[in-house]
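Trainee: return atomic coordinates for the entry below.
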Amino acid sequence: MPTSNLEAKQENSVSVQAIEEIALTIAAKDLNPTMMSQDFLKMSGIIDQDWELAQQPILNPNAAQLSFKNGINITAQPNSVTITESISQKKLEEVTAGAVATKFVAKLPYGDYLGYSFSPKMLLPFPKNPQQARNYITGNLLAQGAWKNIGKTPVQAGINLMYSLEHCQLNISIAEARLQQAQQPPMMAILFSGGFNYNLSTISDSQEKLAQLNKAISSWQNDFGQFRNIITQKFLGSSAVPETQSADDTNLFPMGDTL
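Mentor: Numbers count the residues shown, from 1 in each chain. So this is what the prediction gives:
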């Protein structure tokens, strides 16, 4: 993805590829992780019968984690469930996380839903100039000041931003990250993390709450497009939509967290 503010447009010839991921989180009162078994998900029609697990699932009262070979991950904690999917060169119409979330709500219409969040992530690696990832945050996004010149190494920084949109609240965080791919040396990168947060707890009517939840879930493509536009146009100074890179065998470590 060519970016005018980053690494001199990668020498004007090599485009930076973004690794992207989306996560849809549904919060509901008394949601128990133990209900998220593969048998329940298949018998209820939330996932297709031919989905295969990529590894042994985790299922206990505190957490559930199911990773499927098609790239979908379903995780649950008390009172919430999250469906995560790597874009990995997929067209938006090929992404299935939104459909899984919609089916989950359809099969559990009497849940006491508290909220919903759509969380996209975009990671931009810098294979040629690792320091540029840090310089972008401390040099481009933050003002100059003596606070930068403390200690014996360059300051590390992360930024958290909050926006009030017409339909929801949007949080964006920007941080350094380390990209580790199989049989490749680590690369420094910038991780943009978004969160479109919809509060349902103030809606007293259960049918209206369910309708608003379904409306929010069905808007994930619009939210994702808005997130992409904000990052590429407002932060990176480019109107080009980033190319996606396969995240197979990829581990991302944004200062201790994973994408």
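Trainee: hey, which helix is longest across this protein?
Mentor: helix 206-218 (DSSP state H).
Trainee: what mean pLDDT does it get?
Mentor: Taken as a whole, helix 206-218 carries a mean pLDDT of 97.
Trainee: just checking, what packs against that helix?
Mentor: Applying 3 or more Cβ pairs under 8 Å, 6 or more residues apart in numbering; DSSP states H and E, we find helix 206-218 packed against strand 19-28, helix 97-107, strand 113-125, strand 187-199. The C-beta positions use only the backbone N, C-alpha and C, and glycine is treated the same way.
Trainee: which residues are contacting it?
Mentor: Applying Cβ atoms under 8 Å, 6 or more residues apart in numbering, the contact partners of helix 206-218 are 24, 26, 98, 101-102, 105, 109-110, 112-113, 116, 118, 168, 198, 200, 203.
Trainee: next structured bit after it?
Mentor: Next helix or strand after helix 206-218 toward the C-terminus (DSSP states H and E): helix 220-229.
Trainee: C-alpha coordinates for that next one, PDB please?
Mentor: Written as PDB, here are the backbone C-alpha positions of helix 220-229 (Å, rounded to 0.1, in the frame of the first residue of the first chain):
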ATOM      1  CA  TRP A 220     -20.000  -4.600   9.500                       C
ATOM      2  CA  GLN A 221     -19.000  -4.000   5.900                       C
ATOM      3  CA  ASN A 222     -19.800  -0.400   6.100                       C
ATOM      4  CA  ASP A 223     -17.900   0.000   9.400                       C
ATOM      5  CA  PHE A 224     -14.900  -1.900   7.900                       C
ATOM      6  CA  GLY A 225     -15.000   0.400   4.900                       C
ATOM      7  CA  GLN A 226     -15.100   3.500   7.100                       C
ATOM      8  CA  PHE A 227     -12.200   2.200   9.200                       C
ATOM      9  CA  ARG A 228     -10.100   1.500   6.000                       C
ATOM     10  CA  ASN A 229     -10.900   5.000   4.700                       C
END
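Trainee: having no further points to raise, I will conclude here.
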